[in-house]
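[1] Build me a structure from this.
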Amino acid sequence: MDVSQYLEIFIDETAEHIQSLSDNIMALENEPEDHDVINEIFRAAHSLKGMAGTMGFKRMQHLTHDMENVFQEVRNDKIKVNGDIIDVLFQCLDAIEGYLNIIKETSDEGTNDNEGIITALNGILKGDAAPAPKEAAKEEPDAGQEAAKEGGYEKKFLTLTLSEDDREHLKNAEDSGKVLFGFTVYVHKDCLLKAARAFLVFKAVEEFGEILVYHPSVQDIEDEKFELEFSFFASSDEEGADKFISAAKAVSEIDEVLCEQLKYETLIENHSGKEAEEEKQALEQNVPAPVPAAAPAKEDQAKTSGTSAAKGKPINKPVANRTVRVDIEKLDALMNQVSELIIAKNSLVSISSSDSGDGTQSQSFRDQIEYLERITTSLHESVMKARMVPIESVVAKFPRMIRDLSRKLDKKMELFMSGEDTELDRTVVDQIGDPLQHLLRNSADHGLESAELRKERGKPEVGSITLKAYQEGNNVVIEVGDDGNGIDTETVKQKAIERGLVTPEQAESLSQKEIIDFLFMPSFSMAKKITDVSGRGVGLDVVKSNIETLGGDVEVKSKLGEGSTFTVRLPLTLAIIQALLVEVHHELFAIALGSIITIEDVSVSDIKYVQAEEVINLRGNVIPLIRLNQILDIEEPEVAPESLTVVIVNKGEKQAGLVVDNLLGQQEIVIKSLGKFISNSKIISGATILGDGEIALILDVNTLM
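    Residues are numbered from 1 along each chain as shown. Now for the predicted structure:
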């Protein structure tokens, strides 16, 4: 069975199960007796095992099966959860995530058997726990296992009770000239995926006929609500059971297939009597309708569609993170807007094809253009809502990370998060994870003091790290803070002097913010020793560059002895923005509206100089001027104007004035990448194509400033 078509779904759902397990194992560590959490963990582990087995990832399946065994014993109160068990379980999650990462790259799970982790899991079962599952199973062997041991397989289809509907299906088939067959299939006792094997048997049988009656029902088989055998009746155009038996036995982990050709009259004689009447009512309430038998196993069946890849073709490498789950109401709104757009288009086509010659067309045409503009704007908003996802998908992994850092650094710490439901464009969410991870590790390693030092300072022994997200205008703000030591600006200043970044004299006049900015320089590290957590001079410079690549900025506020807060501002979306179009000596440029504070006409006589740099005094604020024609290497106008048009922009708390020649108005623009061949200019963040076909370059205000 070709399962390559389900690979991307498998990747998405496995990531969700890993996150669910991580969250619940964290909760279990705090409340080891919470059976709701234990049950949730067991269900997620069971689903992971089933999905891995269905896809043929045996190593991942083996690991999750052993993990499930441990949870089974915890659920039965035979094993008590402690810190060591939690550590092993988290190692399991890391190993599963490792498999998932390899699958994303190669469509295969790799060759790592993770024997050490599997040994540790089995050690948990053999150590303080009660007898392992295999020993417990010996006490009450089921009928299927006994039959398998003795070789006494039974034709269970001969003793089934048939409902009226079942009989009708069989009678109609025989009346139409079909031959009837009864089947009982026995699954191997160690089979991990009974449902998947059953559906593969159904698929094999339906190569030669049609399945009419299932026992148990298809839903029960899908939910694995059966022992080691299941039965069904089928019809075929040809006589002979051998072809069915051979096809079904070709499915792996099938011990025996019993099949017999039947006549309807004989079948009814075997299935009549008092017992049939007593069970009739109960059975009629669970009569399954025949369904396509070759359905995939439970995890994929309800969520997938489409045709499988042709046999013999290699599995295409999956593209990770290409799916977004969208609320159905958002999609409904999107569909309505598209419908309106089509109506508007049809109106325009109608008007253009019926020129009355009396001038009425132009007014109607303008009206429809305005209507079309409203619809497209509304459509854009709907599309953007569909692209928005909560940042919860990124931040959900951080509590586990802080827990691991707490043990590794031997510091007591706790993470408090809020605003996880704040939404960002999917492209931004996918790239913000690493910068936030750097900031949190920085707080844990550099920010928080040791428990002894915190005690001396009268602070709680457990350090607090906070991650807060909220929307502010067209931006999302994410704050990462701690109640630790704060940044020692004197030490940073001395480090900057040692590295020759400033002279001692210059250092004396630096503000606190300017000193803290040194921390964002490449290879500038304050760590006293290098560890695998930090201290390699890689961290805050990466944070800054990654965030600025996303069109955002980062600021720091710190108070020595009380803690620090890093504030990250990000645009809601990177795809379509509102922008101001400006002209600099006949060249067109776009500036994101979210960066603009105001626009001023400034007289040349009002320009002042501070340290040989041009500035203006705007309502008490001294703002430096940036002459775009000089920065962009554009010719200056032949005649110097008496007044300048200045666009006041900001980056966090900093402000600057961009000098332009003309303002062309506000417009909604689609950002197009310039590609890797024109990536050397950081000042230009992209380009856009205007309505008349002209191209305008988009200025990156953060880089300019």
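
[2] going forward, measure contacts between C-alpha atoms and count neighbours the same way
    Fine.

[3] mind listing what residue 650 touches?
    By CA atoms under 8 Å, 6 or more residues apart in numbering, the residues touching residue 650 are 595-597, 656, 701.

[4] May I have stretch 652-670 exported as CSV, CA atoms only?
    Output of stretch 652-670 as CSV, limited to C-alpha atoms (Å, rounded to 0.1, in the frame of the first residue of the first chain):
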residue,chain,number,x,y,z
GLY,A,652,11.4,51.5,18.5
GLU,A,653,12.1,54.7,20.4
LYS,A,654,14.6,56.0,17.8
GLN,A,655,13.4,58.5,15.1
ALA,A,656,14.8,59.8,11.9
GLY,A,657,13.7,62.0,9.0
LEU,A,658,13.9,60.7,5.4
VAL,A,659,14.3,63.4,2.8
VAL,A,660,12.3,62.8,-0.3
ASP,A,661,11.4,64.9,-3.4
ASN,A,662,7.7,64.1,-3.8
LEU,A,663,4.9,62.1,-2.1
LEU,A,664,2.8,60.0,-4.4
GLY,A,665,0.2,58.7,-2.0
GLN,A,666,-0.7,55.7,0.1
GLN,A,667,-1.1,52.3,-1.6
GLU,A,668,-1.6,48.6,-0.7
ILE,A,669,1.4,46.8,-2.1
VAL,A,670,2.4,43.2,-2.5
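
[5] Neighbours of the nearest residue in space to residue 177 that is not next to it in sequence, how many?
    In space, residue 177 comes closest to residue 237 once its chain neighbours are excluded; the distance is 7.4 Å by CA to CA, 6 or more residues apart in numbering. Using other CA atoms under 10 Å, residue 237 has 14 neighbouring residues.

[6] try residue 376
    Applying other CA under 10 Å, we find 17 residues neighbouring residue 376.

[7] What's the separation between it and residue 429?
    Residue 376 sits 25 Å away from residue 429, going by CA to CA, to the nearest Å.

[8] so where's the stretch 151-300 of the chain uncertain?
    Applying pLDDT under 70 to the stretch 151-300 of the chain flags the ranges 151-152, 269-300.

[9] for the stretch 201-350 of the chain, what spans make up the strands?
    For the stretch 201-350 of the chain, applying DSSP state E, counting those that start in this stretch gives strands covering 209-215, 229-236, 254-262.

[10] what sits against residue 696?
    By CA under 8 Å, 6+ apart, the contact set of residue 696 is 587-590, 687-690.

[11] where's it, which helix or strand?
    Under the criterion of DSSP states H and E, residue 696 resides in strand 695-699.

[12] Return the mean pLDDT over that strand, rounded to an integer.
    Mean pLDDT, strand 695-699: 88.

[13] Run me through the strand neighbours of it, direction for each.
    strand 587-592 (parallel), strand 684-689 (antiparallel) (DSSP bridges).

[14] Buried residues, the last one. List them.
    Taking 16 or more other CA atoms under 10 Å as the basis for neighbour counts, the residues of strand 684-689 that come out buried are 684-688.

[15] Columns pLDDT on top of the residues you listed, output as TSV?
    Below are the buried residues of strand 684-689 laid out as TSV (pLDDT from 0 to 100):
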residue	pLDDT
684	84
685	78
686	80
687	84
688	82
